[in-house]
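Chemist: predicted model, plus sequence, below.
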Amino acid sequence: MEKWRLIPFKHFDPFENMAIDEAIFRADRQGEMPPTLRLYGWKKPAVSMGYFQNAEREINCEYCRDRGIDIVRRPTGGLAVLHGNDLTYSLVAGENSPHFSSDIIETYRIISECIISGLDKSGVKAEMVEKGRIERGPAGAFCFATSYRNELLVDGKKVCGSAQVRARDMFLQHGSLLIDFDPAAVCAAIMTKGMKAGTLEASVTSIRKSVGDNVGIGTLCRNIAAGFEEVLNIHLIEGSLSPEEETLRNGLLENKYRNVRWNMGRGAKSGY
């Protein structure tokens with residue numbers, strides 16, 4: 001049975017979270033570093049926005065600044081997410097590994113199956129968007145207002161948003177599972193083209209909305225990890241960052257993710 005690395009759940013600030021994900025993605029895999037699943041949270045509310053988004057047009061920067069909400073630009077695409085009470089995952093693997101392919105949509109499907117299995121173990125019945133994309137009104141800059149093919153719905157509402165980047169025959173996919181959801185805060189922090197909190201609530205749900213407080217973060221993490229093991233027939237072994245990844249993380253943190261020019265600029269070169 002193939003062995004993968006699991007980096008267990010821990011809270012970090014948004015800049016550290018993105019630096020760690022990118023460090024794992026950029027590390028030299030020639031030493032046969034196994035695929036890595038990482039589960040993490042956010043020390044305080046933060047907005048992560050997609051690589052190509054325009055911060056001034058799509059994020060209410062004044063609102064975020066006044067409330068101490070940090071803004072970080074992801075290395076992946078997609079739309080903005082207001083993080084707080086959510087479980088975020090990241091997966092780094094080879095696009096041509098036995099479990100995945102060079103087809104991005106197919107990779108989303110496989111990862112979604114793993115998460116569906118983990119959610120099912122937690123009492124949450126999720127399903128995939130079968131085809132196309134579903135929009136319920138003006139999506140604006142908010143990730144969860146639009147559901148794309150192979151993303152996850154619970155009772156017809158989006159519960160998980162994901163994004164991906166590829167380079168050097170590797171991919172990084174990360175996404176957030178909403179444990180709780182505050183539509184008013186989202187409408188205040190992210191430009192939603194006039195979408196009201198009530199309208200947003202009709203298209204987005206959360207784990208707490210589905211099963212209440214019956215599933216703690218520790219149980220949810222174990223179940224999501226077990227979902228990957230079950231669907232992919234792998235064995236996850238807890239580990240930590242390698243020395244190379246630690247060095248990359250520190251450099252990315254200092255020179256990129258804590259740099260306002262990266263976070264507030266648009267489409268700056270990432271240096272892959």
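Modeler: Structure's in. What do you need? Numbers count the residues shown, from 1 in each chain.
Chemist: so where's the stretch 1-150 of the chain uncertain?
Modeler: 30-31, 131-149 (pLDDT under 70).
Chemist: all the helices of it, residue numbers only.
Modeler: For the stretch 1-150 of the chain, helices defined by DSSP state H, counting those that start in this stretch occupy the ranges 14-26, 55-58, 61-66, 104-121.
Chemist: quick one, which of those is packed in tightest?
Modeler: helix 14-26 (a mean of 24; mean count of other Cβ atoms under 10 Å). C-betas here are computed from N, CA, C, even on glycine.
Chemist: how much space separates residue 233 from residue 3?
Modeler: Shown here: residue 233 relative to residue 3, a distance of 11 Å by Cβ to Cβ, to the nearest Å.
Chemist: ok, back up a step: now the helices of the stretch 1-150 of the chain as JSON lines including distance to residue 225?
Modeler: Listed next are the helices of the stretch 1-150 of the chain as JSON lines, based on distance: least, Cβ to Cβ, whole Å:
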{"stretch": "helix 14-26", "distance to residue 225": "16"}
{"stretch": "helix 55-58", "distance to residue 225": "33"}
{"stretch": "helix 61-66", "distance to residue 225": "32"}
{"stretch": "helix 104-121", "distance to residue 225": "7"}
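Chemist: so which of the ones you listed gets nearest residue 244?
Modeler: helix 14-26 (8.3 Å; Cβ to Cβ).
Chemist: could you dump the closest one to PDB, C-alpha only?
Modeler: Presented in PDB, the C-alpha positions along helix 14-26 are these (Å, rounded to 0.1, in the frame of the first residue of the first chain):
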ATOM      1  CA  PRO A  14      -2.800  33.400   6.500                       C
ATOM      2  CA  PHE A  15       0.700  34.300   5.300                       C
ATOM      3  CA  GLU A  16       2.100  31.200   7.000                       C
ATOM      4  CA  ASN A  17      -0.600  29.000   5.500                       C
ATOM      5  CA  MET A  18       0.100  30.100   2.000                       C
ATOM      6  CA  ALA A  19       3.900  30.000   2.400                       C
ATOM      7  CA  ILE A  20       3.700  26.400   3.800                       C
ATOM      8  CA  ASP A  21       1.500  25.200   0.900                       C
ATOM      9  CA  GLU A  22       3.700  26.700  -1.700                       C
ATOM     10  CA  ALA A  23       6.900  25.400   0.000                       C
ATOM     11  CA  ILE A  24       5.600  21.900  -0.200                       C
ATOM     12  CA  PHE A  25       4.600  22.400  -3.800                       C
ATOM     13  CA  ARG A  26       8.000  23.900  -4.800                       C
END
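Chemist: who's the residue nearest the centre of the chain bridged to?
Modeler: By Cα atoms, centre = their mean, the chain has its centre lying nearest to residue 175, at 1.8 Å. Here residue 175 sits in beta bridges with residue 89, residue 162, going by DSSP bridges.
Chemist: list the contacts for it?
Modeler: Taking Cβ atoms under 8 Å, 6 or more residues apart in numbering as the criterion, residue 175 is in contact with 88, 89, 160, 161, 162, 163.
Chemist: where does the third one fall, phi/psi-wise?
Modeler: Spelled out, it's residue 160. phi -140, psi 130 (degrees, to the nearest 10).
Chemist: count of neighbours near it?
Modeler: Residue 160 is flanked by 26 other residues according to other Cβ atoms under 10 Å.
Chemist: got it, and the fourth one?
Modeler: As a burial measure, residue 161 scores 25 neighbours (other Cβ under 10 Å).
Chemist: also the last one?
Modeler: Neighbour count of residue 163, defined by other Cβ under 10 Å: 21.
Chemist: just checking, residue 93 touches residue 170?
Modeler: Yes: taking contacts as Cβ atoms under 8 Å, residue 93 lies within contact range of residue 170: 7.1 Å.
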